[in-house]
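**Q** what's the 3D shape of this:
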Amino acid sequence: MAAHEERHATAELKVDSAQREIGNEAVWSLSTAKPGNGVDQIRDGNTETYWQSDGGQPHLINIQFHKKMSISEMAFYLDYGLDESYTPKKMSVRAGTTFHDLVEIRVVDLHEPAGWVRVPLPPKTDTEVLRAFFLQVCVVSMHQNGRDTHVRQARIYGPRTPIDVPAGKFGVPFKSNILSRFAVLR
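**A** As a prediction, this is how the structure comes out:
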């Protein structure tokens, strides 16, 4: 029981306050899924549930936004201890405007991951931000030459855009995320 509690103690993903989760602004689809193990499970915030593919490789997660989004990072919750041969070993992240013009921007090699795997996008510099309508995550291979895959959670992050409205007559901008909600009149 201690190992189970320890695993869930590390299940919380720490996110920089300069980023926000933008996955709810997208339409998610999967190449294949077993009944009861699809998009709802990969996005429900519960590390006990997972997407399980059902079919030929490669396995795909498609993320389509209604407008061009700034994307800085993706994160996946993977657990080799629970999933063994279902755990991804190699993942490819592709970006573009549509399904037809995707360009591979990052390849991630994993060795028995346990917990959150962060994938910064793009990998060039800290100041660049990827802008895309469509992201695709391709699970290229699994550990132990597995056929299907388990991905327990998937999140996508974009930079938090600062509100450049000064607060008060001295022009002091709000610094905290909580107070920035009150920086603009509606």
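**Q** this protein: helices as residue ranges?
**A** 2-9, 39-42, 80-83, 177-180 (DSSP state H).
**Q** where among the ones you listed is average confidence lowest?
**A** Among those, helix 2-9 carries the lowest mean pLDDT, a mean of 41.
**Q** middle-most residue in the chain, spatially?
**A** Taking CA atoms, centre = their mean, the centroid of the chain lies closest to Arg155, which sits 2.8 Å from it.
**Q** count the residues that sit near Pro120.
**A** For Pro120, the count of nearby residues is 14 (other CB atoms under 10 Å). C-beta: built from backbone N, CA, C; applies to glycine.
**Q** quick one: contacts for the nearest residue to it once chain neighbours are set aside?
**A** When the adjacent residues along the chain are set aside, Pro120 lies closest to Glu73, with 5.2 Å between them (CB to CB, 6 or more residues apart in numbering). For Glu73, the contacting residues are Gln19, Arg118, Val119, Pro120, Leu121, Ile156, Tyr157, by CB atoms under 8 Å, 6 or more residues apart in numbering.
**Q** ranges for the strands of the chain?
**A** Counting by DSSP state E, the chain has strands at residues 19-21, 26-30, 51-52, 59-71, 73-79, 88-96, 103-109, 114-120, 130-142, 150-151, 153-159.
**Q** so which of these is nearest Asn37?
**A** Of all the strands of the chain, it is strand 51-52 that lies closest to Asn37, at 4.0 Å by CB to CB.
**Q** output the contacting helices and strands for the closest one.
**A** On a contact count with 3 or more CB pairs under 8 Å, 6 or more residues apart in numbering; DSSP states H and E, strand 51-52 meets helix 39-42, strand 150-151.
**Q** can you put those in CSV and add mean neighbour count?
**A** Compiled in CSV, those are given as follows (neighbours: other CB atoms under 10 Å):
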stretch, mean neighbour count
helix 39-42, 18
strand 150-151, 26
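**Q** ok so, going back, filter the contacts of Glu73 down to the buried ones and hand me the PyMOL line.
**A** To isolate the buried members of these in PyMOL, using 16 or more other CB atoms under 10 Å:
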select buried, resi 119+121+156+157
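**Q** what's the farthest-apart pair in the contacts of Glu73?
**A** Within these, Gln19 and Val119 form the most distant pair, 13.1 Å apart (CB to CB).
**Q** picking that back up, can you tell me which of the contacts of Glu73 lies nearest to Glu128?
**A** Of all the contacts of Glu73, the one sitting nearest Glu128 is Leu121; the distance, using CB to CB, is 9.2 Å.
**Q** what about that closest one, distance to Phe133?
**A** 14 Å (CB to CB, to the nearest Å).
**Q** same question for Ile61.
**A** Ile61 sits 15 Å away from Phe133, going by CB to CB.
**Q** and Val139, by the same measure?
**A** Using CB to CB, Val139 is found at 22 Å from Phe133.
**Q** who has more neighbours out of these two?
**A** The residue with more neighbours, out of Val139 and Phe133, is Val139; 26 against 17, by other CB under 10 Å.
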